[in-house]
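Novice: Whatever this is, show me its structure:
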Amino acid sequence: MYRIRFHGRGGQGMKTASRILGSALFAEGFEVQDAPRYGAERRGAPIFAYVRADRRPINERGIILRPDLVVVADDTLVPVPAAGVLAGLDAYSVLLIHSHESADTWRRRLNTPARVLVLPLIEESADRADLPSVGAVCAGAAACLLGVISEDALVKASRDELGPLGEAVVQRNLDKALAAYRQMAEVRGMVTQGREVNAADYTPPAWISLPFEDANVSAPVIHAGLTSSAVSTGLWRTLRPVIDYDRCNQCWWVCSSLCPDGAIQVEEGRPTIDYDHCKGCLVCVAVCPPHAIEAQPERAAESLETAK
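Specialist: Next up is the predicted model:
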C-alpha cells in the first residue's frame, strides 16, 4: 500500500493536491482513500491531507502514522512541532520539500532517516498561503515519485478535480503540475509501497479528554475560550501586524478590544502585540482608526527584528 501525506497551510491547496493524486491513482486502477485533516483554523494555519492507495481493498482508517511519502508545500512548516511534518518518517520514507534551499541543506539541518528531496519553488509570494497553484505542483511531483501514474492519468485527474473552476484555472494548474512531474523524472518511482502494519505494532493517537456538562443528553463542552494562550499560535502567522507608533493616536481600546485572541495589551496608552500568540488574522490592521498598524510578510519582519 502507498501512504502519502501532504503538509501545507490553509489556502495552499493541500486538499486539492490529495484529490488530484487520489483521482490519478484511481484512474490507474488503484483502490484509493484521500482526505484532508483540519479544524476551524484560519487561512495560513498548518493542515495536512493524506492519500492511501492499494491494488486491494483498503481496511486502514484514520491518519497516516508511517508515511511512504511526505510532501511539504511550505518549508516554514518543517520546524513547527504542531505541524508534525517529520512524524513517522523512517529509512523507507521519502520527504519532498517545496523550497528554495537545496536538498543538501535540508539533509544537514534535519535529524531524519528519510530520503530528502527538494522541489524548487515555482513562485514566491509575500503571503505564503497565497500560492494558487502549489497544490497542483505538489500533486504532480508526488505522482512522478510514485512511478505508477502516467502523464495522461495526471491530466485527467487535474481536469476532473479543477474543471468547475474554468479552463483558464485548469490550464494554469495543469501546466505547473506537468512541469513538476517532469522535474522529478530522475527519481521517478523512488517511493515504494510501505510495509504492512501489524495490529500489534499500531500506536494509537493520543486522545484529549474533554469535560462533560451534567445533563440528561450531553455532548463534550470546551469551557476555555481564547485557547491561543495555551498554544503558540504565532507559528500560524504568514503576515505580521506591525504598529507604527508615530501614527498611533493612543485611542486605548480599538485594536486591543477587537483582537479575537487578546494578543494586544495596552499599557500607559501604548499598545503592544504578543507575537507568540498573534495568529495574524489582521483584524487590528482593518479596524485601526489612524491606520497605524500595517501587515508585513513574516519573514521580512523577522529579518528586520533580527537586524535591530
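
Novice: ok, now which ones touch residue 26?
Specialist: 32, 157 (CB atoms under 8 Å, 6 or more residues apart in numbering). No exception for glycine: its C-beta is placed from N, CA and C like everyone else's.

Novice: change it to 10 Å
Specialist: 32, 34, 53, 153, 156-157, 160 (CB atoms under 10 Å, 6 or more residues apart in numbering).

Novice: Also residue 161?
Specialist: Contact analysis of residue 161 by CB under 10 Å, 6+ apart lists 15-24, 135-136, 139, 170, 173.

Novice: Just the closest of those to residue 71, please.
Specialist: Ranked by distance to residue 71 (CB to CB), these are led by residue 17 at 7.3 Å.

Novice: any idea how far the residue lying closest to residue 269 once chain neighbours are set aside lies from residue 104?
Specialist: Leaving aside its sequence neighbours, residue 269 sits nearest to residue 250 (CB to CB, 6 or more residues apart in numbering; 4.0 Å). Residue 250 is 51 Å from residue 104, where distance means CB to CB, to the nearest Å.

Novice: Likewise for residue 17?
Specialist: 26 Å.

Novice: three-state assignment of residue 118?
Specialist: Secondary structure of residue 118, reduced to three states by DSSP: H, G, I helix; E, B strand; the rest coil: strand.

Novice: So this structure: which segments form each domain?
Specialist: With domains defined by automatic domain parsing, the chain comprises 2-196, 231-307.

Novice: In a markdown table: the ones you listed, plus mean pLDDT.
Specialist: As requested, the domains of the chain are exported to a markdown table (pLDDT from 0 to 100):
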| stretch | mean pLDDT |
| --- | --- |
| domain 2-196 | 88 |
| domain 231-307 | 85 |
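
Novice: Comparing these, which comes out most buried?
Specialist: Ranked by mean neighbour count under mean count of other CB atoms under 10 Å, those are led by domain 2-196, which reaches a mean of 19.

Novice: How far does it sit from its chain's centre?
Specialist: Offset of domain 2-196 from its chain centre (CA atoms, centre = their mean, to the nearest Å): 10 Å.

Novice: tell me the SS of the nearest residue to residue 24 once chain neighbours are set aside?
Specialist: Distances taken as CB to CB, 6+ apart put residue 157 closest to residue 24, at 3.8 Å, once the chain neighbours are dropped. Judged by three-state DSSP, the three-state class of residue 157 is helix.

Novice: Residue 157 touches residue 51, doesn't it?
Specialist: No: under the criterion of CB atoms under 10 Å, residue 157 is not in contact with residue 51, lying 11.5 Å apart.

Novice: Now for these two: what residues contact both?
Specialist: Residues touching both residue 157 and residue 51 (CB under 10 Å, 6+ apart) are 19-25, 139.

Novice: which ones among those are found in helices?
Specialist: Among the shared contacts of residue 157 and residue 51, DSSP state H puts 19-25, 139 in helices.
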